[in-house]
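> What shape does this take:
(one chain, ligands or ions: 1)
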Amino acid sequence: MAHEITGGKRIAWAGREMPVVHKLAKRFSVARPFEGKRITCCLHLTTETANLAVALQSGGAQVALCASNPLSTQDDVVAWLNTQEGIEAHGVRGDTREDYYARIDRALSFRPHLVIDDGADLVTRVHTLFPEMADGIVAGLEETTTGVIRLRAMAEDNELPFPMIAVNDADTKHLFDNRYGTGQSTLDGILRATNILLSGKTFVVAGYGWCGRGIAMRAQGMGAKVVVTEIDAVKALEAHADGFQVAPMKEVIRQADIVVTVTGCKDVVTVEMLQEAKEGVLLANSGHFDCEIAVAHLQEVAGEGVPVRNEVKAYTLPNGPTIHLISEGRLVNLAAAEGHPASVMDLSFATQALTSVWAIQNAGSLRPNGKNSVVEVPDSVVDEVATLKLEASGISIDTLTPEQVAYLTGWEEGTS
Ligand SMILES: NC(=O)c1ccc[n+]([C@@H]2O[C@H](COP(=O)([O-])OP(=O)(O)OC[C@H]3O[C@@H](n4cnc5c(N)ncnc54)[C@H](O)[C@@H]3O)[C@@H](O)[C@H]2O)c1
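Now for the predicted structure:
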C-alpha cells in the first residue's frame, strides 16, 4: 500500500479517539479563527499531530510541520500530510542532526504568525539564527516540560523573541499526557523493543514528576519491583508514601534490571554508574532530550555498540557489564512505539488548538510590560477542554447550587 494511504488510515484510526479535536475542527471550519494565518508546528510527526494540523487548517490556517525529534517521525504520516491542501510537512525518521535542524529552518521559512514548539528547538533557532523573523510571530505555544524550562530561562535572560504560552503547564495537558500518556507509552516502547516480562523485574524510574509517577504506577501494575530516584525531597517523599523504594541511582543501579530516565536533566545515568550495573541491564529514556543517559560517553568508552534487536544495541564496558540501550537513549515511547495514545493527545492538542485561537485573538495583550515572557494558558481554555472531553466521554458532573456558591465564597458560616 502506498505510504500516504497507510498514513491516512492510521490518522483516521487515531482520529476516532480524538473527539474533542474533531469537534473543534468542525467549529473552526465555520468560525475560521485562523483565516490568513500561517502556523509552524515543530512537533512529533505522528498520527495525532496530523489530526491537530487538520483542525488548524480547517480554521483557515496554512500549516507547516517539522519534527521535534529525529527518531519520532512516522514517514507515512508525513507522506499523507503532504497530500493535503494548505499543509506541508518536513521530516524523515532517522534524520541526522543537520537534516533535523535544516527541516526546522525550512518550516520556518514559511514565515509563521504563530508557532507551536515541543522542546524549544524551534524558538531557540528563531532567536539565534533568524531574529528578524520574530517581529512577525505574535506568540508561540510550548508542548513539553523541558521546553517550558528552557523558555523560562530565556525569559529570565531577556532573550525570549516573542511571548510563549506554557501549554505543558495547563492541567488538561500535564495531568493526563505526562502522567497517563507517558506512563503507558513508555512501557509500550520498552516492551515492543525487548518483549521482556516485567513481572518480578527491578525497574528503576529516575524522576518522580508527572511522567515518572505515571511510569512507576504502570510498571508496578505489571508486577515490577519499582525503585524511584529523585533529587527533590518532596517528590522523593511522595514516591515513598506511594509505596515505592527510593534510593540514589549509584546504589540502585547494582540491582536494576531496567532503568528509565524521565527527569529533564542530564547525566542522570553516567558511565561510572554503569560500571557497577548488573550484567545485561536495560536502559531507556523517556525525557525530552537524549542527554539523560550519557550515551556519547558510553560510546567513547564502549564503541558504537552491537545491534541485538531493532531498537536495542549492546555496549560492553571494558572490565564491566554489557549494557542494553533502547533507541539510542532518545524518547523511547516515540522511537520504539507510537507515542502517546490518541485519547490523551486529544486533550493536549485540544488545549493547543483552543490556546492558538486565544493567542491570535489576544495578540495585542500578550506583552503586558512590553516584555516577552512565558504566559499561562487561561482557565477558560482549560475548563472548556475538560468539559468537552467529559461530554465526549458521556460523563456528567454536578453543578453548584446558589447556596453552595455563597458558602464557598463567603466566610460567615463556620462550626454549627
Ligand atoms: N516521553 C514523552 O512523551 C514525554 C511527555 C511529556 C514530557 N516529557 C519530558 O519528560 C521529562 C520530565 O517531564 P515531567 O513533566 O515529568 O517533569 P517534572 O518536572 O514534573 O518531573 C521531573 C522530575 O525529575 C526530577 N529530577 C530532576 N533531575 C533529576 C536527577 N538528576 N535525578 C533524579 N531525578 C531528577 C525532578 O525533581 C522532578 O521531580 C521532561 O524532559 C519532559 O519534557 C516526555
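
> neighbouring contacts of the helix or strand where residue 297 lies?
For residue 297, the element it lies in under DSSP states H and E is helix 295-302. Helix 295-302 has contacts (Cβ atoms under 8 Å, 6 or more residues apart in numbering) with 270-271, 274, 305, 315-318, 323, 325, 328-329. The C-beta positions use only the backbone N, C-alpha and C, and glycine is treated the same way.

> Now restrict these to buried residues only.
Buried residues within those, counting neighbours by 16 or more other Cβ atoms under 10 Å: 270-271, 274, 305, 315, 323, 325, 328-329.

> Tell me the one among those residues nearest to the ligand.
residue 270 (10.4 Å; Cβ to the nearest ligand atom).

> Quick check: chain neighbours aside, which residue is closest to the closest one?
Once flanking residues are discounted, residue 270 sits nearest to residue 294: 4.9 Å by Cβ to Cβ, 6 or more residues apart in numbering.

> wait, doesn't that neighbour sit right on residue 261?
No. Applying Cβ atoms under 8 Å, one finds residue 294 not in contact with residue 261, separated by 10.4 Å.

> shared neighbours of those two, which are they?
What both residue 294 and residue 261 touch, as defined by Cβ under 8 Å, 6+ apart, is the set residue 269.

> Counting neighbours, go ahead and name the busier of the two.
Between residue 294 and residue 261, counted using other Cβ atoms under 10 Å, the more crowded position is residue 261 (28 against 20).

> Just give the number of residues close to the closest residue to that one other than its chain neighbours.
Leaving aside its sequence neighbours, residue 261 sits nearest to residue 292 (Cβ to Cβ, 6+ apart; 3.7 Å). Residue 292 sits with 26 neighbouring residues when counted by other Cβ under 10 Å.

> swap in residue 83?
14.

> Name the SS class of it, please.
Three-state call for residue 83 (DSSP: H, G, I helix; E, B strand; the rest coil): coil.

> what does the one 10 residues further on give?
Remark: residue 93 carries the secondary structure label coil [criterion: three-state DSSP].

> quick revisit: mind listing which of the buried ones among the contacts of helix 295-302 are in helices?
Judged by DSSP state H, the buried ones among the contacts of helix 295-302 include 271, 274 as members of helices.

> low-confidence ranges in the stretch 1-150 of the chain?
Along the stretch 1-150 of the chain, the parts satisfying pLDDT under 70 run over 1.

> just so I have it, where are all the strands in it?
Assigned by DSSP state E, counting those that start in this stretch, the stretch 1-150 of the chain shows strands spanning 38-42, 62-66, 87-90, 114-117, 139-142.

> Find the nearest non-adjacent residue to the closest residue to the ligand within the stretch 151-300 of the chain, please.
Closest residue of the stretch 151-300 of the chain to the ligand, Cβ to the nearest ligand atom: residue 209 (1.6 Å). Spatial nearest neighbour of residue 209, excluding adjacent residues (Cβ to Cβ, 6+ apart): residue 235 at 6.8 Å.
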